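# Here's my sequence, what's the structure:
(2 chains)
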Number of protein chains: 2
Amino acid sequence: MGDYAIGVDLGGTNLRAAAISRDGKLLHKVTGAVPVNGGRDAVIADMVGSIETLRDGLPGQTLAGVGVGIPGFILLDAGVVSVAPNLPGFENFAVRDAIEKRLGAMVILENDANAAALGEQWMGAGRDIEDLVLLTLGTGIGGGIIANGRVLHGALGMAGELGHITVSPNGYPCGCGNNGCVEKYASATAVSAMAQLLNLGQGLSSEEVFHLAKSGNERARMIFDTVGDALGILLGNLINTFNFPLYLLGGGLTAAWELFEPAMRKELAHRSFIYRNNPPRVERAALGGDAGLYGAARLPLGRTLL
Amino acid sequence: MGDYAIGVDLGGTNLRAAAISRDGKLLHKVTGAVPVNGGRDAVIADMVGSIETLRDGLPGQTLAGVGVGIPGFILLDAGVVSVAPNLPGFENFAVRDAIEKRLGAMVILENDANAAALGEQWMGAGRDIEDLVLLTLGTGIGGGIIANGRVLHGALGMAGELGHITVSPNGYPCGCGNNGCVEKYASATAVSAMAQLLNLGQGLSSEEVFHLAKSGNERARMIFDTVGDALGILLGNLINTFNFPLYLLGGGLTAAWELFEPAMRKELAHRSFIYRNNPPRVERAALGGDAGLYGAARLPLGRTLL
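Numbers count the residues shown, from 1 in each chain, chains lettered A, B, ... in the order given. Alright, predicted model coming up:
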């Protein structure tokens, strides 16, 4: 059992951690001092320190355990990160055991996109829904699939690589070796790259392209139509595959929701007869950047309920 | 409990049924006399007659129940067929109750592609595997997804519509309303249609195109390259989505496996970094046309084991 759990989010540039009560209230939140690319030992020490700060702030309450969301592939049984391009020194390192030993508490690792999906299912837009997909539109596109209330992991913890679904077979080359991955058309990075291709400006952020589109710039609007088209093909494929009741979109690019939603829904209706005849919910996620903290904290709480 | 179950396959043109023992031995098999489009009441009577024939042939043994694979969408809890274009009169009809009443035995309905996937998992190429996808390449392309040893159904029993995954966004129009569905490129029907487009001949069957390709006809070989390319995109998407250990291909078109496999695997390696780095098994299914009978029979046997 335990009164609360601590969720850690190693994603992005910094470490964040939160204490969350068994009934889903965020009690305290802290941000680490060390950038995640500052070296493994420094990051581990920072993580343990952040967790201890949160635990010390809740005297008399019992910690159920710690969940850690990590941008990479996790070998769940071993508690090892197998692939993590943005975390130098973490690959093939037994993260779980290293933290457990220092804390004397149960630690569970999870891919960050999966943790965010679990967070939305627990306390976000997916409450009372057992089956959902969360797409996180950021630097790339992350995917988390919840089936029967649990994360779908696949054989090697690599399920949910939805950013690399092909939406344009002869399209832009992707770092993964494919052409036409959806994240080359519907991530924040893709929006900046398309702005450059259309001579809107060098090095524009996706926010800047968004503001150009809002102010009526036709080429900027075309970019968000492309975002919507690509998401419509991806979501049509997912709906035809899963027939789930809920598909959520989170991440920074959803600030431009109003700009890409019309093209996305038009394309969805084209691509999926299930969407046309029995439309599931396709919506913005609710928890923003905290989804991963909720989901990570949910892991040890769910475990103790078994 | 029960010693054996009866699986019924309403797919294709005729009704087939088999008695299968608890440990997966096919004991007897019968084929119905009435074509499935011969009207609902005649088909129901034929089905009940076939089941009774099988039951009468096994005196002293206990029937666990009957599973029925149906080419359509099933509302599982209600035991009702919601959509079944090839079964006149069955839509919105309470098939399960109608058969249960006449037989005095438990009846469970299932989509035919899902039943085939379950059959392969139980006694075919997927034994000892808990997670797999079966693609059936026939008139169209059917899909069945087994996760944690169970059929993934989705909200309305419509999961696994894998024939309608988009592999060519501006491609051939499909009856479902989409363009570029994989079944327009990699089904038996698609092979015949492409043969006509390439002026190989009017009304050639996929077998005839297969024999032309085997005898060295270049245009016929191109068609099977296209089949392989389309399957490679589909399977790449599935591997990136599920990270399952096994993907099976069944159905009549897999007679041409040797012709489309090279293009399929090349495209798979292009589309999925998971396939390149941690290749799952991608293989032919093992049970042929009997997969659906095994899977349908498995349904009541699995139920009583709970």
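
# Show me the contact partners of stretch A:269-281.
The contact list for stretch A:269-281 (C-beta atoms under 8 Å, 6 or more residues apart in numbering or on different chains) reads A:232-233, A:235-237, A:239-240, A:243-247, A:268, A:282, B:155-156, B:158, B:161, B:164, B:166, B:176-179. Yep, even glycine has a C-beta here, placed from its N, CA and C like the rest.

# could you redo the last one with a cut-off of 6 Å?
For stretch A:269-281, contacts defined as C-beta atoms under 6 Å, 6 or more residues apart in numbering or on different chains pick out A:233, A:236, A:239-240, A:245-246, A:268, B:156, B:158, B:166, B:176-178.

# With respect to A:Gly67, which of these is nearest?
Among the contacts of stretch A:269-281, A:Leu246 lies closest to A:Gly67 (C-beta to C-beta), at 22.2 Å.

# The closest one: what's its closest spatial neighbour, skipping adjacent residues?
Leaving aside its sequence neighbours, A:Leu246 sits nearest to A:Leu132 (C-beta to C-beta, 6 or more residues apart in numbering or on different chains; 4.1 Å).

# ok, that neighbour to A:Arg281 distance?
9 Å (C-beta to C-beta, to the nearest Å).

# A:Ser168 too?
On the measure of C-beta to C-beta, A:Ser168 and A:Arg281 end up 26 Å apart.

# Can you pull out the low-pLDDT segments for the stretch 201-306 of chain A?
A:303-306 (pLDDT under 70).

# Pull up the residues of it that are close to chain B.
Residues of the stretch 201-306 of chain A lying close to chain B (C-beta under 6 Å from any C-beta of the partner chain) are A:233, A:237, A:240, A:242-243, A:245, A:271, A:273-274, A:278.

# just curious, which of those is nearest to B:Ser21?
Nearest member of these to B:Ser21, counting by C-beta to C-beta, is A:Asn243, at 32.9 Å.

# Count residues in the vicinity of the nearest residue to that closest one once chain neighbours are set aside, would you?
Excluding the flanking residues, the one nearest A:Asn243 by C-beta to C-beta, 6+ apart is B:Gly154, at 2.5 Å. Neighbour count of B:Gly154, defined by other C-beta atoms under 10 Å in any protein chain shown: 23.

# re the thing from before, any idea how many residues pack against the residue nearest to A:Leu246?
By other C-beta under 10 Å, 26 other residues sit near A:Leu132.

# thought it was touching A:Ala147?
No: judged on C-beta atoms under 6 Å, A:Leu132 makes no contact with A:Ala147 at a distance of 8.8 Å.

# wait, what's in contact with the nearest residue in space to A:Ser82 that is not next to it in sequence?
Beyond its immediate neighbours in the sequence, the residue positioned closest to A:Ser82 (C-beta to C-beta, 6+ apart) is A:Phe73, lying 4.7 Å away. If you count contacts by C-beta under 6 Å, 6+ apart, A:Phe73 has them with A:82-83, A:157-158.

# Angles on the backbone of A:Phe73, please.
The phi/psi pair for A:Phe73 (degrees, to the nearest 10) reads phi -90, psi 140.

# Not counting sequence-adjacent ones, nearest residue to A:Ile70?
A:Leu10 (4.9 Å).

# count of neighbours near the one you found?
A:Leu10, neighbours per other C-beta under 10 Å, totals 28.

# Then A:Val30?
A:Val30: 18 neighbours (other C-beta under 10 Å).

# Sheet partners, orientation included, of the host helix or strand of it?
If you go by DSSP states H and E, A:Val30 is part of strand A:26-35. Strand A:26-35 has the following strand partners under DSSP bridges: strand A:14-21 (antiparallel).

# Across the sheet, point out what pairs with A:Ile110.
Small correction: residue A:110 is Glu, not Ile. Applying DSSP bridges to A:Glu110, the residues it is bridged with are A:Gly69.

# give me the number of residues near it?
Counted with other C-beta under 10 Å, A:Glu110 comes out at 26.

# cool, and A:Gln202?
Look at A:Gln202: counted by other C-beta under 10 Å, it has 8 neighbours.

# Backbone torsions only: list them for it.
The phi/psi pair for A:Gln202 (degrees, to the nearest 10) is phi -80, psi 140.

# The closest residue to it other than its chain neighbours in helix, strand or coil?
Once flanking residues are discounted, A:Gln202 sits nearest to A:Gln196: 6.1 Å by C-beta to C-beta, 6+ apart. Under the three-state scheme (DSSP: H, G, I helix; E, B strand; the rest coil), A:Gln196 adopts helix.
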